[in-house]
Every structure is written in C-alpha cells, then in structure tokens.
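S.K.: Got a predicted structure here, sequence first:
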Amino acid sequence: MCGEPRHTDPNPGRIDSVGVLLSVVGLVLLVYGIIKGGQLADFTDVTVLGTIAAGIAVLAAFVVFEKRSDHPSIDITFFKNKVFSAAIGVIGLVFFALMGVTFFSVFYTQTVRGYSPLQTGLLMLPLATAQLLFAPRARLLVDRFGNSAVCTAGMGLIAATLAAFTVLDADTPIWILEVIFFVMGTGMAHVMTPLSVVIMQALPREKAGSASALSNTFRQVGGALGIAVLGSVLSAAYRGGIEGELPADAPHTAAESIEATLGFAARLGQRGEALVGPAHDAFLHAMHVTALCGAGIAAVGAVVMAVFLPGRTNTGQRDEKEAELVAADR
C-alpha cells in the first residue's frame, strides 16, 4: 500500500510490560537520588546512596531481563555494534548538555540578569536558529570530511561553548551569551544530523523503526539525566558558596538555590538586602563549576566520536538511509 514503509520488522513482538516497568522504576530511583544528593550537597548521605544504588540495581535487572526476553522493549544485541553504541550514546550526551545548559541559563538570565521569562525564551533563539540553519547543510561537510571528523568537531564546539559560560558574570554584555548559544547550536547541528544517519546505517533495514525509537529514548533519558546531574552539581556548588553568608537562624532550605536564598532575604526585609550580592556571586561560581563539568562530559563524547565513528559514507547509501529515517520517525 502507498505510504507504508518499505522495510518493516517481520517479528515486531509484544509489548514488554515488565521491561518498561523496570526501566521506569530504575530511572526514577536514579534521577531522584542524584537530585536529592544535590539538594543536600552530600552524595554520601545514606538515603542518597541507597536510592542511587537501588536505581542502578533495577536498571541492571532490566538489562538482564531484556537479554533473556523473547520480546524485549530494547534489543540489547544492538549494542554489540560499537558504531551504533557510540552514536546513540553521544546523542544522549548532546541532550544531556542541552537540557543542563537550559536549566542553569534560565536562572542566570532571570534571577541574576533580571530578564523576564519571555525575554529569556527569546534570548535562547540563537541556539535553535543555528540548528535550523546548519542541520540541513551538515551533510555537505560529511561528504567532504566524513562522519568522524564532522561529529568530533561538533562535540568539540559544544564542549568549548560550555566552557565559555565561565566568562559570564553579572554584567557581561548579553550579546556574548547570544554568541555562545549560536555556536553551541552550530555544534549540535553538526552532531545530530550525521549521527541520526549513522544509527540507521548501523542496523539492518527492518530494524529502522527500532533504531529511531532508541534514538528518541536516549534523547529523553539524556535530557533527564542532564537536568538531574548538572542541576545537582549546581545545587551542591551553590550551597557550598552561600552557607557561610547566611545568618545562623536561616533554615536549611535557604541554601538550596538562589531563588530560595533571595526568598529568604526578602522575608528579612532591609536586613536581607546584604544577601543579594553574595547569592549572585555564589550562583555564578556554581554555574561556572557546572559548565566545566558539562564541558568535560562533552569532551568525552568528542573522543568517543573520534575513535568509533566511521569516516566518509557512500552518498547513495546515505540518501537511502535518510529517507528511511524520515519514514521511521513518521
């Protein structure tokens, strides 16, 4: 029938209810433990360690169950392909960085710089604009230099722009932030498009739908972990910087975030005005630490791309795979 995909899995299987449940429970426990550790600024707390360990254990049980299931929600054998594993892992890292940056940049632009939520959204347009401009043209660079070189350079740009957040302070010209966002979007455009094609090429044609689904799954999981991990680093670093500035009678929650500190300062009235400057300074320090952590993770992704990703791809084969990717996403 017209409109149906040309390549379909002859054995699509049943819904893997147990596998889905295990994956959800494991991720929830893991993310909660990471966030709780950031709130307490103590990842050695028994509750934090217990929750993270439980999440890892459940996810390990998920992997074991999927390997033994005759209808797994995720076919673990796909990950025996090093190219597929590297590409889909880096897609997760890209969204890890994207969501983590979105998280702390909102606090920077609204709380430290005083922009409204609408203005903050507009300030992030260069990130999307760059992806819109360069994603369709990424294939031209891939044709000339190959997947490995283009994606490695793209991840390098992402790492560099994350590190560039360390130059931002309370009165940095806002156009510098816009340049950082635009360059970051350029890097993402030259990673996401080639990697999507590489993932489709790494598996048999009848597994195109599974490849697309796994790609989307890793994007979402990477984004969730980006917020959890980088948000926890931000929270822990901020608490370490602000606790010494708070009065002795301040509640524990006043050091959890810059918003909590400023809320506490507002309740103190005139006496709380002295906390505004230290709160901004502590947040900027925490943002710099968090950005460097993100840059380090992106740099690891660049190394993975350089080592495992293939070079140039046959143009005709790539065009066919791109068409299959579009059909699978539909």
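M.R.: Nice, I can see it.
S.K.: I figured K82 hits L309, correct?
M.R.: No. K82 is beyond contact range of L309, at 9.7 Å (criterion: Cβ atoms under 8 Å). For every residue, glycine as well, the C-beta is placed using N, CA and C.
S.K.: out of those two, which sits in the more crowded spot?
M.R.: The neighbour comparison of K82 against L309 (other Cβ atoms under 10 Å) goes to L309, with 22 against 13.
S.K.: Show the contacting residues for the more buried one.
M.R.: Going by Cβ atoms under 8 Å, 6 or more residues apart in numbering, L309 touches V83, A86, A87, N147, S148, C151, T152, V198.
S.K.: Kindly tell me how buried I15 is, as a neighbour count.
M.R.: I15 is flanked by 9 other residues according to other Cβ under 10 Å.
S.K.: quick one: which helix or strand includes it?
M.R.: Secondary structure from DSSP states H and E places I15 outside every helix and strand.
S.K.: Please report the distance of it from G209.
M.R.: 14 Å (Cβ to Cβ, to the nearest Å).
S.K.: Ok, A302 next?
M.R.: Here A302 is placed at a distance of 29 Å from G209 (Cβ to Cβ).
S.K.: tell me the contacts of E243?
M.R.: Shown in contact with E243 (Cβ under 8 Å, 6+ apart): A255.
S.K.: I'd like to know how far it sits from L140.
M.R.: For E243 relative to L140 (Cβ to Cβ), the value is 52 Å.
S.K.: Please name the spatially closest residue to the residue most central in space within the chain (chain neighbours excluded).
M.R.: Centroid check for the chain by Cα atoms, centre = their mean gives F96 as the closest residue, at 1.1 Å. Nearest residue to F96, sequence neighbours excluded (Cβ to Cβ, 6 or more residues apart in numbering): G226, at 3.7 Å.
S.K.: got a list of what the one you found touches?
M.R.: Counting by Cβ under 8 Å, 6+ apart, G226 touches F95, F96, A97, L98, M99, G100, F103, G294.
S.K.: per-residue confidence for it?
M.R.: G226 is assigned a pLDDT of 89 by the prediction.
S.K.: right, and the helix or strand after the host helix or strand of it?
M.R.: Here G226, judged by DSSP H and E, is contained in helix 208-242. Following helix 208-242 in sequence order, the next helix or strand is helix 258-268 (DSSP H and E).
S.K.: pLDDT (mean, whole number) over the helix or strand just after that following helix?
M.R.: Next in sequence after helix 258-268, counting helices and strands by DSSP H and E, comes helix 276-308. In this model, helix 276-308 has a mean pLDDT of 93.
S.K.: Can you list the buried residues in helix 276-308?
M.R.: 278-295, 297-299, 301-302, 304-306, 308 (16 or more other Cβ atoms under 10 Å).
S.K.: And stretch 218-228, by the same measure?
M.R.: Per 16+ other Cβ under 10 Å, stretch 218-228 contains these buried residues: F218, R219, V221, G222, G223, A224, L225, G226, I227, A228.
S.K.: Quick check: closest non-adjacent residue to the first one.
M.R.: On the basis of Cβ to Cβ, 6+ apart, the spatially nearest residue to F218 that is not a chain neighbour turns out to be G92, at 4.1 Å.
S.K.: for the one you found, what are its contacts?
M.R.: F218, R219, V221, G222, L225.
S.K.: Can you pull out the residues in contact with stretch 36-46?
M.R.: By Cβ under 8 Å, 6+ apart, the surrounding residues in contact with stretch 36-46 are 47-49, 51-52, 228, 231-236, 239-240, 255-256.
S.K.: Below-threshold pLDDT in the stretch 51-200 of the chain: ranges please.
M.R.: The stretch 51-200 of the chain contains no residues with pLDDT under 70.
S.K.: Recalculate using a threshold of 90.
M.R.: 66-82, 93-95, 97-103, 137, 139, 193, 196-200 (pLDDT under 90).
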